[in-house]
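*Asks:* Sequence and predicted structure, then a few things I'm wondering about:
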Amino acid sequence: MSESLHDFVVASLQATKGRWPEVATGSGVSIRTLSKVARRETRSPTIGTVEKLAKYFREQHVALMADRLDNGTALRLVRKGDETN
C-alpha cells in the first residue's frame, strides 16, 4: 500500500523538526499548525494545508537533488518523477 499524502507530510515534518520556522515561511502554514499536524493532534487537516506542505517538501527534495547532482541528471529525475505521478 502506498503512503498517503498526509503520511508523507507527517513524516517530512518529523524529519525536519527544528527547521519548522523555515518550513512555515516556505509553505505558508503557521508553526502552530505544523506542530499539530506533526503530532497528529489535527486528525483531518484541511486538504489545502496538506497540499501546501506536500508541495513545499517536494520542491525542497527537487532542490536538494539539484544541489547534489549535475543539472542534466537533476532535470532527468524531475521529468521521470513527473511522468510517474
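*Replies:* That came through fine.

*Asks:* all helices for this structure, in order.
*Replies:* Assigned by DSSP state H, the chain shows helices spanning 5-15, 20-27, 31-38, 47-68, 71-84.

*Asks:* Confirm for me that residue 34 is in contact with residue 21.
*Replies:* No: using C-beta atoms under 8 Å, residue 34 is not in contact with residue 21; the gap is 9.3 Å. Every residue, glycine included, has its C-beta placed from N, CA and C.

*Asks:* Of those two, which one has the most company?
*Replies:* residue 34 (21 against 10; other C-beta atoms under 10 Å).

*Asks:* and the residue lying closest to that one once chain neighbours are set aside, how many neighbours does it have?
*Replies:* In space, and not counting its chain neighbours, residue 34 is closest to residue 20: 5.1 Å by C-beta to C-beta, 6 or more residues apart in numbering. Other residues within reach of residue 20, judged by other C-beta under 10 Å, total 18.
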